[in-house]
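Student: Below is the structure, and that's it, no one-letter string:
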């Protein structure tokens with residue numbers, strides 16, 4: 001006896017495939033029309049495309065100058081003084097170099113006083129050396145306190 005259930009399954013499968021093919025043809029674009037959007041289509045996120053007129057790389061390749069830009073000024077930190085004498089020279093108060101040398105105070109000690117012990121400790125030390133004008137002591141403190 002033939003197996004009618006298997007034959008009925010094959011027929012139903014064939015009809016299903018034919019219906020899928022008809023649906024796919026109904027959705028297919030007409031001949032000559034591409035189903036893909038154009039290559040420059042960006043949908044709702046469209047942005048202006050660069051062309052030779054406004055592309056700085058294309059302009060450079062043609063030998064034209066790129067649009068002018070403003071230079072950014074970045075202030076370079078001053079190099080730290082290598083000695084107490086150099087610091088005083090830099091600050092324009094070299095008359096106190098002899099007092100620092102006489103008391104054996106170097107740049108490391110001055111920096112330690114300014115940054116760790118505080119302004120008052122540095123101020124007292126500078127007074128003992130003979131640096132009496134407040135403006136001069138403030139200049140020294142400011143130069144040593146900032147890294």
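Tutor: Thanks, I have the structure now. Treat the numbers as computed from the prediction; the structure is a model and nothing was measured.
Student: In the chain, which helix is the longest?
Tutor: helix 4-27 (DSSP state H).
Student: Now that helix: buried residues?
Tutor: When neighbours are counted by 16 or more other CB atoms under 10 Å, no buried residue of helix 4-27 is found. C-betas here are computed from N, CA, C, even on glycine.
Student: Quick check: mean pLDDT of it?
Tutor: The average of the pLDDT scores along helix 4-27 is 85.
Student: repeat for stretch 127-147
Tutor: For stretch 127-147, mean pLDDT is 88.
Student: In it, which residues are buried?
Tutor: Neighbour count says stretch 127-147 has 129, 131, 136-137, 139-141, 143-144 buried, by 16+ other CB under 10 Å.
Student: Show residues contacting that stretch.
Tutor: The contact list for stretch 127-147, computed with CB atoms under 8 Å, 6 or more residues apart in numbering, reads 81, 87-88, 90-91, 93, 96, 99-100, 102-103, 105, 110-111, 113-115, 119, 122-123, 126.
Student: State the distance from the spatially closest residue to residue 97 that is not a sequence neighbour to residue 113.
Tutor: Leaving aside its sequence neighbours, residue 97 sits nearest to residue 85 (CB to CB, 6 or more residues apart in numbering; 4.7 Å). Look at residue 85 and residue 113: by CB to CB, to the nearest Å, they are 17 Å apart.
Student: So which of the two has more stuff around it?
Tutor: Taking neighbours as other CB atoms under 10 Å, residue 85 and residue 113 compare with residue 113 leading, 23 against 17.
Student: Is it correct that that one is in contact with residue 124?
Tutor: No - using CB atoms under 8 Å, residue 113 is not in contact with residue 124; the gap is 9.1 Å.
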